[in-house]
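Trainee: Make a model of this:
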Amino acid sequence: MKNIVIIGASGEHCRVLDSVVGKENYEFIGYVDSFKKKGRKHNGFPVLGNESDLPYLIDKHNIYGGIVAIKDDREKSMVVDRVLKIIPDFNFISSYLPTLNTERNLSVSNGRMVVQNDYLHSFKDQTPENKIFIHRLADVQTSNIGVKTKVWQFSVILKNARIGENCNINSHTFIENNVVVGDNVTVKCGVYLWDGMRIEDDVFIGPNVTFTNDKYPRSKSYPKKFQETIIKKGASIGANATVLGGITIGENAMIGAGSVVSKNIPDGELWVGNPAKFVRKMVQEYSSCCS
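Mentor: This next block holds a predicted model:
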């Protein structure tokens, strides 16, 4: 049996306690809480001390790890960060409650997860041939991800986003809630996909491409509806291009690196420059893509 503690003696602690007491792998010995008096008991278990006492408590009680019993993700993240500053390799253990199995996303920079949460198991059809890969340093909140898709480190994907099959979402990317990404899409590093974006199949988005979705942005002031940007099937956007909100880039079109796209782009055309201007029809490339 491994001694564990619950960090946080209010709010969710009762539910977490019910989920761990009696489990054969762990022995719950008490709470760690910075706002409760040391020695006070909750449900028959003592408050052992606060977060700063953890090094002493680990030695004294041979503590193996702990569960953060806080439902709010922001608060939980702050607690995890504080603990990691004190004990960089602290073992954060997943609760048996699905709503609290978020330590994977909170302890990625240091600490260890010793009990893998069930997040990835929520994806269907997880076989070796079509397995979804999510790097342990990514924060993926959606389960709407197609088979064979790869999400790399330091990517953030919000819970309502939809990602298709066989996509490659590179590191340091961000995908908001109201975003749909088709199949076989490549999103290179440093790309942020905002609410209102629709990316069709076979699209390539180069490194550091910038999108917008608000024509007149103001801090803390939001439009009734964000602009919708559509990147149609087979289109490619070169590195460091900027695409203004409300734009449609046509099928198999190509945008040159560093271009600023301020108007709709027809199918199968190459546009380059600031502002982007028509260069030529991509007849040969367009034909080969569609054959």
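Trainee: I'd like to know which elements the longest helix along the chain is packed against.
Mentor: With secondary structure taken from DSSP state H, the chain has its longest helix at helix 73-86. Helix 73-86 sits against helix 54-61, strand 63-68, helix 103-106, with contacts defined as 3 or more Cβ pairs under 8 Å, 6 or more residues apart in numbering; DSSP states H and E. C-beta here means a position set from N, CA and C on the backbone, and glycine is covered the same way.
Trainee: Now do the same for the last one: mean pLDDT, whole number.
Mentor: Averaged across helix 103-106, the pLDDT comes to 36.
Trainee: now the longest one
Mentor: Per-residue pLDDT values over helix 54-61 give a mean of 92.
Trainee: dump the residue contacts of residue 83.
Mentor: Counting by Cβ atoms under 8 Å, 6 or more residues apart in numbering, residue 83 makes contact with 7, 51, 54, 66, 68, 90, 92, 111.
Trainee: Dump stretch 264-274 to CSV, restricted to CA.
Mentor: These are the backbone C-alpha positions of stretch 264-274, laid out as CSV (Å, rounded to 0.1, in the frame of the first residue of the first chain):
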residue,chain,number,x,y,z
ASN,A,264,-11.1,36.1,-51.2
ILE,A,265,-8.7,33.8,-53.2
PRO,A,266,-10.2,31.9,-56.1
ASP,A,267,-9.6,28.2,-56.7
GLY,A,268,-6.2,27.0,-58.0
GLU,A,269,-4.4,30.4,-58.0
LEU,A,270,-1.1,31.6,-56.6
TRP,A,271,-1.2,34.9,-54.7
VAL,A,272,1.8,36.6,-53.2
GLY,A,273,2.7,39.9,-51.6
ASN,A,274,1.4,42.6,-49.2
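Trainee: What is the nearest of the contacts of residue 83 to residue 222?
Mentor: Distance to residue 222 across the contacts of residue 83 (Cβ to Cβ) is lowest for residue 68, with 31.5 Å.
Trainee: Does the closest one touch residue 31 like I think?
Mentor: No - counting by Cβ atoms under 8 Å, residue 31 is not a contact partner of residue 68; they are 11.4 Å apart.
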